[in-house]
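**Q** sequence below, structure please.
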Amino acid sequence: MRRLGILFGVMIFLFGVTIAHASIFGNIRGIVHDPQHRPIQGATATLRAQGSDWSKTTQSGSDGEFQFDAVPVGEYRITISHAGFGTLEQTLTVTSGEASVLHFPLSVASVSQKVEVTATQDQVNPESSTSETTVSRAAIARTPGADRTNSLAMITNYVPSATMVHDQLHIRGGHQVSWLIDGVPVPNTNIASNVGPQFDPKDIDYLEVQRGGYSAEYGDRTYGVFNVVPRTGFERNNQAELVASFGSLYQTNDQLSFGSHTQRFAYYASVNGNRTDRGLEPPTANQIHDIGSGLGGFSSLIFNATPNDQLRVVSSLRHDHYQVPNTPDDQAAGIRDVENEQDAFVNFSWLHTAGPGVLLTVSPFYHYNRAHYLGGPNDTPIIPESDRGSQYMGGQATLALVRGKNNARVGFTSFAQRDNTLFGITANDGSGTALHEREILWGSVSAIFLEDQFKATSWLTLNGGVRYTHYSGSIVENATNPRIGAAIRFPKINWVLRGYYGRYYQAPPLSTISGPLIDFALQQGFSFLPLHGERDVQWEVGLAIPFHGWTLDTDHFNTRARNFFDHDVLGNSNIFFPLTIDTARIRGTEATLRSPRLMGRMEIHAAFSNQTVEGRGAVTGGLTDFTPPDEGYFLLDHDQRNTLSTGFRTTLPWQSWIAGNVSYGSGFLDGDGPSHLPTHATYDVSMGKDFGEKWSVQLSGLNLANHRYMIDNSNTFGGTHFADPREIIGQVRYRFHY
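**A** Got it, this is the predicted structure:
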């Protein structure tokens with residue numbers, strides 16, 4: 001009861017007195033001047049979202065400057081106009097925490113005509129040290145298979161090294177990633193215990209992916225930060241949409257959504273359902289006992305209480321059911337294991353613009369996550385059961401200030417975690433052994449950070465900060481992590497060279513094991529050591545090259561980890577036990593390529609990665625029977641040297657379009673290595689047509705060559721899994737007003 005009282009006290013504190021910055025927002029600052037570079041006062045600047053009715057208008061001051069605060073991540077068109085001058089329009093992309101200063105030169109209009117100038121901003125943030133990718137709602141809708149409920153193609157098709165292995169997203173050699181919604185965390189310290197989705201891609205407006213060079217505001221999960229900007233209703237006017245699909249493996253992904261807005265209020269809500277005969281990656285080339293299904297709901301509410309105050313509430317509820325896939329022998333033996341999962345969150349934000357460049361927000365959050373694995377009566381030699389329910393309650397607090405050459409933040413984030421865990425084994429060999437253990441564990445993570453982005457000159461930006469983290473669970477740990485970076489913009493050609501050095505701390509799961517289960521594990525050749533947090537050191541250098549709307553972004557990174565998080569699997573059960581390895585070394589070179597709209601119709605993208613993932617030393621925490629080599633580095637099962645994803649989207653006559661994607665991988669580690677599995681490639685195509693404003697149809701083909709390659713066959717942690725077969729999916733969308 002005492003801990004519960006402390007928790008409620010923390011929640012009341014976060015609701016009542018904190019200030020925060022929800023980090024899906026950036027600032028747009030501009031200077032309007034004439035051909036002689038003299039400032040223009042009273043110029044009208046209008047900012048409009050490309051995919052919705054969201055807009056803001058302001059005027060330039062006596063120094064020609066104007067500013068838009070609290071602009072959500074996304075794509076925009078800005079229009080600058082003033083009597084006697086031509087109108088200038090420019091498209092731009094806003095990233096979280098951005099505070100770039102843009103220059104808008106207006107040309108003098110002739111007496112007889114109005115001059116209009118249209119320009120496109122190069123898609124490079126000249127002040128950031130972060131490696132990032134932004135994926136839009138339009139891209140998700142037209143990328144083959146990306147808008148399915150259980151799909152992460154919106155990430156794997158656009159982000160270097162991102163791939164799915166044993167139903168877990170891996171990026172830069174690891175799978176500890178952070179998910180945020182509206183810039184507010186959806187915390188989950190458990191590693192690989194869930195395979196169900198937290199977000200339906202159809203509910204996403206923009207997805208901002210950061211994979212390195214993080215500011216001090218981030219840092220709980222090193223290998224990727226996924227910032228979801230949800231659909232809000234600003235893109236609709238009393239409009240609903242029904243999405244229905246059917247395809248191979250008796251799959252369907254359906255959704256009904258509603259949305260609308262006024263000047264002060266916007267809402268969006270959806271319900272969805274999905275079903276397939278291929279729920280999880282199977283251990284053979286065939287799908288046997290592999291049905292997956294799910295139901296979910298999502299809502300987003302925005303209310304502009306005053307011109308300076310905005311309230312945002314985002315909530316989600318999901319339930320997923322999976323049959324654990326069998327081999328033919330498992331199926332003949334009558335094994336029928338299943339996994340049931342639930343996920344729910346509620347995030348609240350109050351934004352208050354206290355003045356130009358000052359944004360205050362209150363952001364408490366709650367997240368519930370459960371994974372329940374049930375073994376069947378015919379399991380041999382034991383019938384396992386694992387049931388974990390985790391609750392996360394907390395909030396974040398940040399003060400953000402944009403002034404002159406500084407873009408500074410100071411903040412605090414904290415959450416308490418309560419795990420209710422049951423783990424049991426029942427022998428099926430006639431011995432009568434039955435061991436069950438339930439634990440209720442408490443833990444907490446608190447962090448304070450301070451950072452500043454200082455624009456030293458027009459071509460040099462310095463980024464620096466520090467993050468202090470306190471973890472309390474079965475152990476207590478503290479970590480102080482500095483972050484420094486720089487971005488250099490080369491004049492005229494506008495290339496951006498960036499460098500970064502940072503340290504990270506990742507809190508461990510609360511999972512533990514004790515009592516009679518320890519004795520049983522020791523008898524089976526396992527051992528258990530307490531889990532400690534992972535501590536990482538990362539440096540990287542990158543170069544972004546914009547050219548006539550094209551953007552080539554490259555980087556080289558090096559990550560060294562102590563107590564590297566991984567997991568060990570209980571047979572083919574899909575029950576993963578977290579563990580840590582003494583040392584890991586991950587090195588890689590990445591590149592992304594984005595095109596402008598070519599010939600007014602086509603866009604091209606590509607993402608490439610070359611990396612190695614190595615470990616050294618013994619297992620330092622968790623339950624495992626794995627014995628690493630005695631000395632030197634060894635390849636980890638996450639090692640795949642080369643990955644490439646490239647695709648296109650193009651519009652065609654008669655309101656139709658076509659898109660395609662090619663994904664290549666050089667093969668993960670073959671067993672214990674050092675050889676790797678064979679190379680593999682898949683080819684995906686989707687095409688669609690609109691019939692007026694109400695109806696549209698889409699046909700998608702995934703893995704058209706039906707290449708049934710083995711993804712991994714790790715002898716240590718992962719198990720054996722095969723790629724999906726060819727899938728053909730038809731989809732119908734119907735839009736109507738109410």
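
**Q** from now on I want contacts and neighbour counts done on CA atoms only, so please keep to that.
**A** Fine.

**Q** what is the end-to-end distance of stretch 172-181?
**A** Separation of the first and last residues of stretch 172-181 by CA to CA, to the nearest Å is 22 Å.

**Q** quick one: mean pLDDT for it?
**A** Mean pLDDT, computed over stretch 172-181, is 88.

**Q** what of stretch 617-635?
**A** Model confidence over stretch 617-635, given as mean pLDDT, is 74.

**Q** for stretch 599-608, buried residues please.
**A** The neighbour-count check on stretch 599-608 (16 or more other CA atoms under 10 Å) flags 602-608 as buried.

**Q** what of stretch 472-483?
**A** Neighbour-count burial for stretch 472-483 flags 472-474, 477-479, 481-483 (criterion: 16+ other CA under 10 Å).

**Q** now do the strands in the stretch 251-400 of the chain.
**A** Taking DSSP state E, counting those that start in this stretch as the criterion, the stretch 251-400 of the chain contains strands spanning 252-261, 265-276, 292-306, 309-323, 338-355, 358-374, 382-403.

**Q** could you dump those into JSON lines and include distance to residue 145?
**A** Formatted as JSON lines, these follow (distance: least, CA to CA, whole Å):
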{"stretch": "strand 252-261", "distance to residue 145": "10"}
{"stretch": "strand 265-276", "distance to residue 145": "13"}
{"stretch": "strand 292-306", "distance to residue 145": "16"}
{"stretch": "strand 309-323", "distance to residue 145": "19"}
{"stretch": "strand 338-355", "distance to residue 145": "23"}
{"stretch": "strand 358-374", "distance to residue 145": "26"}
{"stretch": "strand 382-403", "distance to residue 145": "31"}
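
**Q** and the buried residues of stretch 472-483, which two are furthest apart?
**A** Maximum pairwise distance in those, criterion CA to CA, is 28.2 Å, between 474 and 483.

**Q** what sits against the residue nearest in space to the middle of the chain?
**A** Geometric centre of the chain, nearest residue: residue 226, 2.3 Å, by CA atoms, centre = their mean. By CA atoms under 8 Å, 6 or more residues apart in numbering, the residues touching residue 226 are 177-180, 207-210.

**Q** do residue 554 as well
**A** Residue 554 makes contact with 542-544, 589-592 under the criterion CA under 8 Å, 6+ apart.

**Q** same deal with residue 52?
**A** Taking CA under 8 Å, 6+ apart as the definition of contact, the neighbours of residue 52 are 234-236.

**Q** swap in residue 670?
**A** With contact taken as CA under 8 Å, 6+ apart, residue 670 is in contact with 676-677, 712-714.

**Q** could you dump those residues to CSV with pLDDT, neighbour count and secondary structure?
**A** What follows is those, written out as CSV (pLDDT from 0 to 100; neighbours: other CA atoms under 10 Å; DSSP: H, G, I helix; E, B strand; the rest coil):
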residue, pLDDT, neighbour count, secondary structure
676, 91, 18, strand
677, 92, 19, coil
712, 86, 24, strand
713, 84, 21, strand
714, 73, 19, strand
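
**Q** point out where the stretch 101-250 of the chain drops to low pLDDT.
**A** Residue ranges of the stretch 101-250 of the chain with pLDDT under 70: 109-123, 192.

**Q** using PDB, list the CA coordinates for stretch 27-37.
**A** Taking Å, rounded to 0.1, in the frame of the first residue of the first chain, the C-alpha atoms of stretch 27-37 are listed here in PDB:
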ATOM      1  CA  ASN A  27       9.200  25.600 -34.700                       C
ATOM      2  CA  ILE A  28       9.300  27.400 -38.000                       C
ATOM      3  CA  ARG A  29      11.100  30.800 -38.100                       C
ATOM      4  CA  GLY A  30      11.500  32.900 -41.100                       C
ATOM      5  CA  ILE A  31      12.800  36.200 -42.400                       C
ATOM      6  CA  VAL A  32      11.100  38.000 -45.300                       C
ATOM      7  CA  HIS A  33      13.200  40.400 -47.300                       C
ATOM      8  CA  ASP A  34      13.200  42.200 -50.600                       C
ATOM      9  CA  PRO A  35      15.800  41.700 -53.500                       C
ATOM     10  CA  GLN A  36      18.200  44.100 -51.600                       C
ATOM     11  CA  HIS A  37      17.900  42.000 -48.500                       C
END
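
**Q** dump the strands of the stretch 251-400 of the chain to a markdown table, plus mean pLDDT and distance to residue 503.
**A** Below are the strands of the stretch 251-400 of the chain laid out as a markdown table (pLDDT from 0 to 100; distance: least, CA to CA, whole Å):
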| stretch | mean pLDDT | distance to residue 503 |
| --- | --- | --- |
| strand 252-261 | 96 | 41 |
| strand 265-276 | 96 | 39 |
| strand 292-306 | 95 | 35 |
| strand 309-323 | 94 | 31 |
| strand 338-355 | 91 | 28 |
| strand 358-374 | 90 | 26 |
| strand 382-403 | 89 | 21 |
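
**Q** could you dump the ones you listed into TSV with mean neighbour count and distance to residue 437 added?
**A** As requested, these are arranged in TSV below (neighbours: other CA atoms under 10 Å; distance: least, CA to CA, whole Å):
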stretch	mean neighbour count	distance to residue 437
strand 252-261	21	38
strand 265-276	21	33
strand 292-306	20	28
strand 309-323	20	24
strand 338-355	21	19
strand 358-374	23	14
strand 382-403	22	10
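
**Q** for residue 137, give me phi and psi.
**A** Note on residue 137: its backbone torsions stand at phi -60, psi -40 [degrees, to the nearest 10].

**Q** give me the nearest residue to it, chain neighbours excluded.
**A** On the basis of CA to CA, 6 or more residues apart in numbering, the spatially nearest residue to residue 137 that is not a chain neighbour turns out to be residue 205, at 4.7 Å.

**Q** can you check residue 238 too?
**A** Leaving aside its sequence neighbours, residue 238 sits nearest to residue 260 (CA to CA, 6+ apart; 4.7 Å).

**Q** so what sits opposite that neighbour in the bridge?
**A** When assigned by DSSP bridges, residue 260 has beta-bridge partners residue 267.

**Q** cool, and residue 603?
**A** The residues listed as beta-bridge partners of residue 603 by DSSP bridges are residue 649.

**Q** which of the contacts of residue 554 are buried?
**A** Using 16+ other CA under 10 Å, the buried members of the contacts of residue 554 are 542-544, 589-592.

**Q** thinking again about what came up before, quick one: what helix or strand has the residue nearest to the centre of the chain in it?
**A** In this structure, residue 226 is located in strand 225-230 according to DSSP states H and E.

**Q** quick one: residues in contact with the helix or strand following that strand.
**A** Taking DSSP H and E as the definition, the helix or strand that follows strand 225-230 towards the C-terminus is strand 239-247. Contacts with strand 239-247, where a contact means CA under 8 Å, 6+ apart, come from 251-260, 727-738.
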